[in-house]
Every structure is written in C-alpha cells, then in structure tokens.
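Participant: Quick one, what's the 3D model for this:
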Amino acid sequence: MSERDATADPIDLETRLTKDHHLSLKLWLRMLSTTVMIENEIRNRLRAEFDTTLPRFDLMAQLERHPDGLRMGELSKRMMVTGGNITGITDQLEQEDLVMRVSDKQDRRAYSVKLTPAGRRAFKTMASVHEAWVAELFAGLDAEQKSQMISLLSSVKSDLSAGDKQTGKE
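Facilitator: Predicted coordinates:
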C-alpha cells in the first residue's frame, strides 16, 4: 500500500465530487456521508452491545415517548417505514416480551403497541448508553459549534417546511 493510499479519505458519497461542483451539492453530500457514518457506527454498537437493531431501538423509543401506546399506522408514519416493517419488528419484540399489543378502547378492531415493564427497563438501559455514544461521536465539537450547527440546520429545516406548506406537502 502506498503512502497516499494509507492517508486517503474514505470512499463514500463525497468521492464523486470535483472542485467544480456547486457548494450546496458539496454540503449536501458532506451532511449525508457524515450521517451515514454516524448511523452505521450506532447500528454496529447496538448490535454488539445489545444484540438489537436500530429499527428496533427506534420503535422502542417511539413507545417510550407514548406510554399509553401507539397504533401500528402511527408507528409506521413516525418511523417513515411500511406497516409490514412495523409488524415484523413488533412481532420480534413481542416474542421477547419487550412490547405488547393492547385493544384500542375506542375501536375494538384496532390495537396499540406499548412497552412492557421489561421493555421499559431494556430501553432505559439502551437509551442511556446510546446517548453516551452520540456524545462521544460529537466530542470533537465544542458546545458553541454544536449550537451553531443546530441553528444552521434549523434554518434549512424551517425553509424546507415552509416550502412543503406552500406546495401542500406535509
């Protein structure tokens, strides 16, 4: 391996860029490649530490925020995945006694999913460790830099939301 190969940037979404590309495209690909790297690291750590997946963690996080439970359709919407994905994840978690299906009080044909006591305990442990991982992954930024990035990304998000409202997409 040559010295250049040893110090080369990782091959990712940004490798397709040249100096002639628009700055906005460079920013978009930098954000996307960074997000993918962080997400992959979290996925790997969840698998190694807790023998679970990010979608399972995310579903449990949604249920933690809603102790009375959420309907499958609402989980699908919040997690931006198909109902089939939610059903599969819920089935797995239910077999492990981490979630349970409960009849909906207003509509007996429907049901909600909620964390079991064991699920709450398991999620509490995972969430605490997850938070520490995220802090570690962003440790290279000081508080002012993090606040500045949040503010900048909030502006982009706000602009995008305003555009969705104008076009009727929400």
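Participant: can you list the weak-confidence ranges in the chain?
Facilitator: Filtered on pLDDT under 70, the chain yields the residue ranges 1-21, 164-170.
Participant: Nearest residue to the middle of it?
Facilitator: In the chain, the C-alpha nearest the mean C-alpha coordinate belongs to residue 58, at 6.4 Å (C-alpha atoms, centre = their mean).
Participant: Now that residue. Nearest residue, chain neighbours left out?
Facilitator: Nearest-residue entry for residue 58: residue 79, 5.8 Å, with adjacent residues in sequence omitted and distances by C-beta to C-beta, 6 or more residues apart in numbering. Using the backbone N, CA and C atoms, a C-beta is placed for each residue, glycine as well.
Participant: how many neighbours does the one you found have?
Facilitator: Residue 79 is flanked by 16 other residues according to other C-beta atoms under 10 Å.
Participant: State the distance from it to residue 57.
Facilitator: 11 Å (C-beta to C-beta, to the nearest Å).
Participant: With residue 23 instead?
Facilitator: For residue 23, the distance to residue 57 (C-beta to C-beta) stands at 35 Å.
Participant: So for these two, which sits in the more crowded spot?
Facilitator: residue 57 (18 against 7).
Participant: if I pick that one, what's in contact with it?
Facilitator: Each residue near residue 57 by C-beta atoms under 8 Å, 6 or more residues apart in numbering is listed here: 46, 50, 123, 126, 130.
Participant: among those, who's most crowded?
Facilitator: In terms of neighbour count, residue 123 stands highest of these at 22 neighbours, by other C-beta under 10 Å.
Participant: tell me which element the residue lying closest to that one once chain neighbours are set aside falls in.
Facilitator: Leaving aside its chain neighbours, residue 123 sits nearest to residue 60 (4.4 Å; criterion: C-beta to C-beta, 6+ apart). Secondary structure assigned from DSSP states H and E places residue 60 in helix 54-65.
Participant: Which strands border the helix or strand that comes right after that helix, and is each parallel or antiparallel?
Facilitator: Going down the chain from helix 54-65, the next helix or strand is strand 70-71, by DSSP H and E. Within its sheet, and counting by DSSP bridges, strand 70-71 is paired with strand 111-115 (antiparallel).
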